[in-house]
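Novice: okay, here's the prediction I keep looking at, along with the sequence it came from:
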2 protein chains.
Amino acid sequence: MTAGSHGPRLTPRPSVTISDVAEAAGVSRQTVSNVLNAPDRVRAETRERVNRAVFDLGYHPNRAARSLRASSPRMVGCRILPVHAETVASIQDRFLHALAEAGQACDHHVLLFTATDADEETERCTALWRAGAVSAVVLYDVTPHDPRPRQLVAAGVPFAAFGRTATCVDGYSWADVDNTAGTASAVDHLIAAGHRRIGFLGWPEGSSVGDSRAHGWLAAMDRHGLLAQSHRLDVRGDDTMSSGTRLMAELMDRPEPPTAVVAATDTLGVGALHAVRHHGLRPGEDVAVVGFDDTPTATAVGLSSIRQPIEEVGRLIMAELLRLVGRNADRDVDEAAESLHRLLVPELVVRASSAPLRSAPGD
Amino acid sequence: MTAGSHGPRLTPRPSVTISDVAEAAGVSRQTVSNVLNAPDRVRAETRERVNRAVFDLGYHPNRAARSLRASSPRMVGCRILPVHAETVASIQDRFLHALAEAGQACDHHVLLFTATDADEETERCTALWRAGAVSAVVLYDVTPHDPRPRQLVAAGVPFAAFGRTATCVDGYSWADVDNTAGTASAVDHLIAAGHRRIGFLGWPEGSSVGDSRAHGWLAAMDRHGLLAQSHRLDVRGDDTMSSGTRLMAELMDRPEPPTAVVAATDTLGVGALHAVRHHGLRPGEDVAVVGFDDTPTATAVGLSSIRQPIEEVGRLIMAELLRLVGRNADRDVDEAAESLHRLLVPELVVRASSAPLRSAPGD
DNA sequence: AGCCCGGGCTTGAACGATAAAATCGATCCG
DNA sequence: CGGATCGATTTTATCGTTCAAGCCCGGGCT
């Protein structure tokens, strides 16, 4: 039964063309094309005959030819980031999957590329677009001072971004997660659980996304009348586990240590959990920790975390791109249509690391 | 400075064609083509002039046109799997990144698609290939009884696989990781650390990859003269954390509990760590645990794990695909060239969860 | 009858690139 | 000096598809 093949023999590629189908159905190329692209222009009987031929021959329209004629590759470019060993995990796989799935529904596909930095990314995006390899590109993880949106706008490359820059926010389409709301909801949750001294582990000021997460924490603390103590509970460092551990240890050694912390990422949060354990305390029971991103690691270690609706972001971005390139096709139609500016609310996922305090905190 | 734009205005796409360059350089299209594809056929002076025009106009050859003429899309398809919440993490992102990077070096790109099951995946692969959207496809995570290689061979779609089936192994190109060697090295490591009662947490027999990992453990136990006890230390369940916890608890409740376990995945391994802690024991000091895959979570929780050289796999597979489609181009040249069959050795990464025992184990 | 209309289909052209063949000019040799 | 040779460049044809225009024919209107 198993064909005893010596080395793989490649079928030379069937290559059924539209003309083959036309001949088989006894009509012209264009009629076949019409059956596929504008069925209402063809008599039902003919349509039937053509469809049968399409099926019998296993015809699939050639994408290159179609792209060439339509000057629309039905492709969307997206950089894939390298996996960083220092960091707990990425959620880019969730994003890419959502993007690919949403595109597929409209016969669009995702083209991956890699780049070592933002400039190279912009360059590749531009090159891909000018080569007609993609109709548009996606920017992942745009930060407030990100150079990429500006560069792509300048180059005229259609794109949509996950994340947004501080300025020029109207100039392009984006969907983003409300980081501020995220950390704020973490604070609310911790307050409800009985905590008052709630610290923040972030990365250095000026590093953009971190700032909004810090701001959410600070604003919520203020709202609960806890602003006074907050400056003593705010520490910053790199986005690594060891940094999270160090920062948390630092906080716990202070005269009035926090009973809970909000970390700007799961990476820092996991680091913080280590510090808690190392101090002989139990996460969730003695000290609560909440992370950010809801990476698989958070699930694994029972770290409460703020989950970004990144699948929704992926879908929104793909839909926006389809709109953009579609609009570009029938130009002038509703030229003034707004671009997408969408802020999504993340959701807190409560796990063991932030169970309610059993007794009122020590103070 | 910030252009006060109302809604994004799309540049209509520059669309510099080869004719534009030809005109600018005062030569014919074909000469420009030659400068780019066969520079030695063109006089140095002319080449210079053309290159300048290419640069000045920012010309990028249109991929669709090139694909159409060459009937080679310079694309490779790969399914992206959904992220499973139950599972600790995937290493597919590392794979895709390596694949994209390797392809990029030869002007090939990765096209993503999604599918709900193996049959749909095969179907999509075939459709993409027949549509000329990809030159070849990649199969990720092929298991011993996987139907996909057979289906693709039957459909004539060129492909290379990460992982291999039990039978028909010669019929196609693959690179795989030696799972058996992986778990065996974990056992060797644990033996060296002073352990003797070493258990195994796997998923049910017949579930393919799990079998070879189980086999590596068993063979190594045998080699160390520990075969007799092994049947009492072998437990199986689903690949989820809760399952890992349950299985480990079960083992620890036995009369002669293991002092160490090898888990078939990090997911099971992390679950096992929970069980260890829940029993009031310290992972690494009282009971050692080794996982498999070296996911970011393993790093986060200090779980020793067996790291698959998946970047290397990605590179090998892309290289093989380039070879395959290249060979297909100049047919008959060395038709009998073997396909790729490469087994890579994974590497144990030692972390806190399997530090050497401080004292000799009791008995 | 003559005219227009329009549904249903076909033909011709074009998208942008490249392989293959043809052209041109210069050089070389007998 | 005629013919062969060779290198550099141009012309022609083609990849598979779709847009635009054209054709054919039956039916309704004047």
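Specialist: Yep, that arrived.

Novice: export stretch A:270-284 as PDB, just CAs?
Specialist: Written as PDB, here are the backbone C-alpha positions of stretch A:270-284 (Å, rounded to 0.1, in the frame of the first residue of the first chain):
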ATOM      1  CA  VAL A 270       6.300  36.600  38.100                       C
ATOM      2  CA  GLY A 271       9.500  38.100  39.300                       C
ATOM      3  CA  ALA A 272       7.600  39.700  42.100                       C
ATOM      4  CA  LEU A 273       6.100  36.300  43.100                       C
ATOM      5  CA  HIS A 274       9.600  34.900  43.500                       C
ATOM      6  CA  ALA A 275      10.500  37.700  45.800                       C
ATOM      7  CA  VAL A 276       7.400  37.200  47.900                       C
ATOM      8  CA  ARG A 277       8.200  33.500  48.300                       C
ATOM      9  CA  HIS A 278      11.800  34.300  49.000                       C
ATOM     10  CA  HIS A 279      10.700  36.400  51.900                       C
ATOM     11  CA  GLY A 280       8.800  33.500  53.300                       C
ATOM     12  CA  LEU A 281       5.400  34.900  52.400                       C
ATOM     13  CA  ARG A 282       2.700  33.300  50.400                       C
ATOM     14  CA  PRO A 283       1.500  35.100  47.300                       C
ATOM     15  CA  GLY A 284      -2.200  35.800  47.400                       C
END
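
Novice: quick check: next helix or strand after the strand or helix carrying A:Gly244?
Specialist: With elements taken from DSSP states H and E, the one containing A:Gly244 is helix A:241-252. Under the assignment DSSP H and E, the closest C-terminal helix or strand after helix A:241-252 is strand A:260-263.

Novice: next one: phi and psi at A:Arg130?
Specialist: When read as degrees, to the nearest 10, the backbone of A:Arg130 gives phi -70, psi -30.

Novice: could you find the closest non-adjacent residue to it?
Specialist: Spatial nearest neighbour of A:Arg130, excluding adjacent residues (Cβ to Cβ, 6 or more residues apart in numbering or on different chains): B:His60 at 4.4 Å. Backbone N, C-alpha and C define where each C-beta goes, glycine included.

Novice: and if you look at A:Gln92?
Specialist: In space, and not counting its chain neighbours, A:Gln92 is closest to A:Leu81: 5.9 Å by Cβ to Cβ, 6+ apart.

Novice: stretch A:309-324: which residues count as buried?
Specialist: Buried residues in stretch A:309-324, counted by 16 or more other Cβ atoms under 10 Å in any protein chain shown: A:309-311, A:313-322, A:324.

Novice: just the residues you listed now: which is nearest A:Val138?
Specialist: Of all those, A:Val138 sits closest to A:Ile317, with 5.8 Å by Cβ to Cβ.

Novice: next one: the strand or helix carrying the closest one to chain centre, how far?
Specialist: For A:Ile317, the host element (DSSP H and E) is helix A:310-329. Remark: helix A:310-329 is offset 13 Å from the chain centroid, using Cα atoms, centre = their mean, to the nearest Å.

Novice: what's the neighbour count on A:Ala70?
Specialist: By the measure other Cβ atoms under 10 Å in any protein chain shown, the count of residues near A:Ala70 is 11.

Novice: actually A:Ile18, not the one I wrote
Specialist: Using other Cβ under 10 Å, the number of residues around A:Ile18 comes to 19.

Novice: near chain B, anything from the helix holding A:Gly244?
Specialist: Yes: judged by Cβ under 8 Å from any Cβ of the partner chain, helix A:241-252 and chain B are in contact via A:Met241.

Novice: which outside residues touch that helix?
Specialist: Helix A:241-252 is contacted from outside by A:86, A:88, A:199, A:201, A:233, A:235-237, A:257-258, A:261, A:263, A:267-272, A:274-276, A:278-279, A:281, A:287, B:299-300, using Cβ atoms under 8 Å, 6 or more residues apart in numbering or on different chains.

Novice: about what we covered before: turn the buried residues of stretch A:309-324 into TSV, including pLDDT and distance to DNA strand C.
Specialist: TSV is the format used below for these (pLDDT from 0 to 100; distance: Cβ to the nearest atom of the strand, whole Å):
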residue	pLDDT	distance to DNA strand C
A:Pro309	97	39
A:Ile310	97	36
A:Glu311	97	36
A:Val313	98	33
A:Gly314	98	31
A:Arg315	98	32
A:Leu316	98	31
A:Ile317	98	27
A:Met318	98	26
A:Ala319	97	27
A:Glu320	97	25
A:Leu321	96	21
A:Leu322	95	22
A:Leu324	92	20
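
Novice: contacts for stretch A:267-281 next, please.
Specialist: With contacts defined as Cβ under 8 Å, 6+ apart, stretch A:267-281 is touched by A:86-88, A:201-203, A:237, A:239-249, A:252, A:261, A:263, A:282-283, A:286-287, A:289-292, A:297-298, A:301, A:303, A:305, A:353, B:300-301.

Novice: which residue, other than its chain neighbours, is closest to A:Leu57?
Specialist: Leaving aside its sequence neighbours, A:Leu57 sits nearest to A:Val16 (Cβ to Cβ, 6+ apart; 4.8 Å).

Novice: that's a strand at that neighbour, yeah?
Specialist: No: per DSSP: H, G, I helix; E, B strand; the rest coil, A:Val16 lies outside any strand segment and is coil.

Novice: next, the contact list for it, please.
Specialist: Counting by Cβ under 8 Å, 6+ apart, A:Val16 makes contact with A:Leu57, A:Gly58, A:Tyr59, A:His60, B:Arg130.

Novice: those also near DNA strand D: which ones?
Specialist: Taking Cβ under 7 Å from any atom of the strand as the test, DNA strand D is in contact with A:Tyr59 out of the contacts of A:Val16.

Novice: of the contacts of A:Val16, closest to A:Gly156?
Specialist: Of these, the one sitting nearest to A:Gly156 (Cβ to Cβ) turns out to be A:His60, at 32.3 Å.

Novice: any idea which helix or strand carries that closest one?
Specialist: Under DSSP H and E, no helix or strand contains A:His60.

Novice: setting aside sequence neighbours, what's the nearest residue to A:Leu68?
Specialist: Of all residues beyond its chain neighbours, the one nearest A:Leu68 is B:Ala64 (4.1 Å), with distances taken as Cβ to Cβ, 6+ apart.

Novice: how about the helix or strand the one you found falls within: buried residues?
Specialist: Using DSSP H and E, B:Ala64 falls within helix B:63-70. Across helix B:63-70, burial judged by 16+ other Cβ under 10 Å covers B:Arg63, B:Ala64, B:Ala65, B:Arg66, B:Ser67, B:Leu68.

Novice: of all the residues you listed, which two lie farthest apart?
Specialist: Of all pairs in these, the most separated under Cβ to Cβ is B:Arg63 and B:Leu68 at 9.4 Å.

Novice: appreciated, that's everything.
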